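Asker: got a sequence here, can you build the structure:
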Amino acid sequence: MGEGLKHLTCRLLHIEEPARWVSPVGDIVSSRRRVDLSAVLTKDNPGEPLSCTARHAGTRHVAAFNETTSFNERVAAVGQDINGAAFWVWDGPGGGAFSTNILVADGDLLSINAAGTNWSGVFATGDYGPDGWTTWDRPSGSGYPLPNNRPFALAGAWDGAQVDPNAGNGWFYIGSGINAIVGHGARGPARVLYLGLNDNNPLNGDANKKFTVLVNVRRRPLRNVGPAII
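Answerer: Residues are numbered from 1 along each chain as shown. Here you go, the predicted model:
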């Protein structure tokens, strides 16, 4: 904006008591706030839009000119990056879905990696990894948060662990790991990450066998003010 104003010349009648001619354009705002052409625009000094309207002396037609910038960006500054936050997920007493207390915002990069073994509590079955029962495409029963994904796999949810699809928890498959840009849409700019299992009874397995889950969140960089950190 400053570079454009340096080459802008105008002469306007500034209406105040007493009326006076003012020049250059920076003096237009002399009664309010002077424009500093040498200042650098930053997040702490965002500047102000400047516009002027004049009329041709003969025709009285309006001649408008302006130096303005319009900016609209949805922001959710929810904290610093998360680096390797560790959690344990299991099927058995004390297990099941839980909150990580990590807020993840629209545009953040969410990376989750998991290892280890669980046992589902299903009679005559063996241990399995975070990908669940890999020989099954989907569970055969009801009450699973992800009815179209492998049973007993590591899964995630937002703002709660209700299995009801109308609850809006947005359950998603994790398995051995994911690496994705988060988009919550109309649900809000930031939501709390939950971890759990694609299981209709996550309390009947072996609590001594657990998945180790590492969560990383890289905050979305804001185009004009840097990383979204508070």
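
Asker: mind listing the helices for this protein?
Answerer: 2-6 (DSSP state H).

Asker: show me where it dips below the pLDDT cut-off.
Answerer: Residues of the chain that meet the criterion pLDDT under 70 lie in 1-60, 63-78, 222-230.

Asker: and if we set it to 50?
Answerer: 1-35, 69, 226, 228-230 (pLDDT under 50).

Asker: how many neighbours does the residue nearest to residue 95 when sequence neighbours are not counted have?
Answerer: On the basis of C-beta to C-beta, 6 or more residues apart in numbering, the spatially nearest residue to residue 95 that is not a chain neighbour turns out to be residue 202, at 5.4 Å. For glycine as for every other residue, the C-beta is placed from the backbone atoms N, C-alpha and C. Applying the criterion other C-beta atoms under 10 Å, we find 22 residues in the vicinity of residue 202.

Asker: so who does residue 202 touch?
Answerer: Taking C-beta atoms under 8 Å, 6 or more residues apart in numbering as the definition of contact, the neighbours of residue 202 are 91, 95, 96, 97, 196.

Asker: how does it look with 6 Å?
Answerer: Shown in contact with residue 202 (C-beta atoms under 6 Å, 6 or more residues apart in numbering): 91, 95, 96.

Asker: count the neighbours of residue 133 for me.
Answerer: Applying other C-beta under 10 Å, I find that residue 133 has 19 neighbouring residues.
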